[in-house]
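Novice: test case, fold it:
(one chain, ligands or ions: 1)
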Amino acid sequence: MTLSQVAQGVEVPSYDRAGAPIGVVHFGPGAFHRAHQAWYFDKMLAAGAGAFAVAAVSLRSGGVRAALAPQDGLYVLATREAQPSFRVIGSIKAVLTAPETPEAVFAQLMSARLVTATVTEKGYCLTPAGGLDLAHPDIVHDLTRPPFPVSLVGWLAQGLARRRDAGLAPFLTLSCDNLPDNGGKLGRAVAAFARASGDDALADWIAREAVFPCSMVDSITPATDDALRDQVEAAVGLFDAWPVQREGFLQWVVEDRLGDLSPAFAAAGVTLTADVAAFERAKLRLLNGAHSTLAYVGLLKGHETVAQAMADRELAAFVETLMADDIAPSLDPGPDLDVPAYIAAILARFRNPAIVHRLSQIAWDGSQKLPVRILQTTADALAAGRSVARLAVPVAAWMRFIERRASGGGEIVDPLAGDLARRRGVAEFLALSRVFPRDLAANPVWRGAVEAAYAAL
Ligand code: CS2
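Specialist: All right, here's what the predicted structure looks like:
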């Protein structure tokens, strides 16, 4: 991509890209990272002092490198609002595929100030209780001390081990996935990995010295399709092999443990706070919980996109009631969050007519998403004696969705796909201990609610 050939009106990096030092290693440079954190790093670089460019590392597939390396890491971000806008993002300066050049990844980890990650819920290899799953095939593999790891946790543990052996301080690690207490979980998982590998001293050093702040990320990012490629080419005047798109809204709330990186983050509009938990919980339970509900119920009703599902008045009204009456009471928002206004803003974002956000994209990985989006809210509601009738609907709809896919021979995108495809009926699904905590699965009130919702769908 030649920046001088970009059409007028398209924003391009205004800073000295060649001179920008790489200081961030990012694992998982999918569309979400490139539409969200990479935009913030681009802003930081434009704001000046104390900012770093990114080395983006794909853990498995070479697709991102194949698309972006010939473009020198540059790509277009399309912002989807009534007035669309296009911006060339310059913050990614190196694109690596870990299995192809593992030593180059280690070299970046040796000099990194910050490591960030978007590897989705399943990329953390956690048990339903939130600890490292030592039986996970990727963790089992990485504990055999292979030449290079395959899991995020394995990469972080080996990278930190090399830093310790070289007498360096740990890098800072910032999780950017939709999990409650994402930094806490990742930090404990990496230390647990080190202990399981037999290196207690490393585990203690990580627990003592390494910092894993929590963060809440938010921006609706539909997957890239050919329509986007064509629109970008028409608007920008250049072909981009892998542009990305998102809504205009974006938010990054980070636990304020960034040390001397804080000013650059603040300058780019990141919210730094002592306690991310209230933000995380509200976003995961309200936005992502509503998203998953729209996805499973919406797909059963024949809708394809979030905006279509929101145009279904019955479904939109159901989701609104679910958010206000069933999810909101489980939040502890504090003075910084006006919950009714937050719900209204989320529903307006879902209605954005400029976005084509496929329900099938949201429906992926339900076994990983439902526990943090719906089941924890459900457990709180049961404990407080509130009704769980509506909260059972997305769970029952997920079961129906899986059954329908399995019997129609459609693909199920989920780490538990093989197992899920064989399940039929509520009882068989509820027996999935990797999804449903035992006490919840055994709760007669909730079982009854799921049975009733399943029968009604
Ligand atoms: C969505 C999220 O795909 C999904 O499961 O719920 O990606 C959602 O769009 C983002 O979390 C919004 O910040």
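
Novice: any residues touching stretch 231-246, and which ones?
Specialist: Contacts of stretch 231-246 with the rest of the structure, by CB atoms under 8 Å, 6 or more residues apart in numbering, involve 1-2, 5-7, 10, 31, 34-36, 63-64, 66-68, 70-71, 75-80, 84, 86, 88, 219-222, 224, 228-229. C-beta here means a position set from N, CA and C on the backbone, and glycine is covered the same way.

Novice: ditto for stretch 331-347
Specialist: The contact list for stretch 331-347 (CB under 8 Å, 6+ apart) reads 273, 275, 278-279, 281-282, 285-287, 290, 310, 316, 319-320, 323-324, 328.

Novice: from the contact counts, what lies against the helix or strand where residue 109 lies?
Specialist: In this structure, residue 109 sits in helix 102-111 according to DSSP states H and E. The contact analysis (3 or more CB pairs under 8 Å, 6 or more residues apart in numbering; DSSP states H and E) places helix 102-111 against strand 22-27, strand 53-58, strand 92-97, helix 152-165.

Novice: go ahead and confirm residue 274 touches residue 256.
Specialist: Yes: between residue 274 and residue 256 there is a contact at 5.9 Å, judged by CB atoms under 8 Å.

Novice: for the ligand, what's its nearest residue on the stretch 251-400 of the chain.
Specialist: Residue nearest to the ligand within the stretch 251-400 of the chain: residue 291 (3.6 Å; CB to the nearest ligand atom).

Novice: could you find the closest non-adjacent residue to that residue?
Specialist: Distances taken as CB to CB, 6 or more residues apart in numbering place residue 362 nearest to residue 291, at 5.1 Å, with adjacent residues excluded.

Novice: wait, is that neighbour part of a strand?
Specialist: No: counting by DSSP: H, G, I helix; E, B strand; the rest coil, residue 362 is not part of a strand but helix.

Novice: run a quick neighbour tally on residue 203.
Specialist: Applying other CB atoms under 10 Å, we find 19 residues neighbouring residue 203.

Novice: what number of residues lie near the closest residue to residue 2 other than its chain neighbours?
Specialist: With sequence-adjacent residues excluded and distances taken as CB to CB, 6+ apart, residue 2 is closest to residue 238, at 7.2 Å. Residue 238 has 18 neighbours, counted by other CB under 10 Å.

Novice: now residue 99
Specialist: Number of residues near residue 99 (other CB under 10 Å) recorded here: 14.

Novice: correct me, but it touches residue 148?
Specialist: Yes: counting by CB under 8 Å, residue 99 touches residue 148, with 7.0 Å between them.

Novice: and the one helix or strand residue 67 maps to, how far out from the chain's middle?
Specialist: Taking DSSP H and E as the criterion, residue 67 maps to helix 63-68. The chain centre lies 20 Å from the centre of helix 63-68; the measure is CA atoms, centre = their mean, to the nearest Å.

Novice: could you pull up phi and psi at residue 296?
Specialist: When quoted as degrees, to the nearest 10, the phi and psi of residue 296 stand at phi -70, psi -40.

Novice: show me what from the stretch 201-350 of the chain comes close to the ligand.
Specialist: 218, 219, 220, 288, 291 (CB under 6 Å from any ligand atom).

Novice: pLDDT (mean, whole number) over the helix or strand that contains residue 282?
Specialist: If you go by DSSP H and E, residue 282 is part of helix 277-282. The predicted model gives helix 277-282 an average pLDDT of 94.

Novice: state the pLDDT value of the spatially most central residue of the chain.
Specialist: By CA atoms, centre = their mean, the mean C-alpha position of the chain lies nearest to residue 177, the distance being 3.5 Å. Listed pLDDT for residue 177 reads 98.

Novice: what about residue 97, how many residues nearby?
Specialist: If you count neighbours by other CB under 10 Å, residue 97 ends up with 21.

Novice: how about it, nearest residue that isn't a chain neighbour?
Specialist: When the adjacent residues along the chain are set aside, residue 97 lies closest to residue 62, with 4.4 Å between them (CB to CB, 6+ apart).
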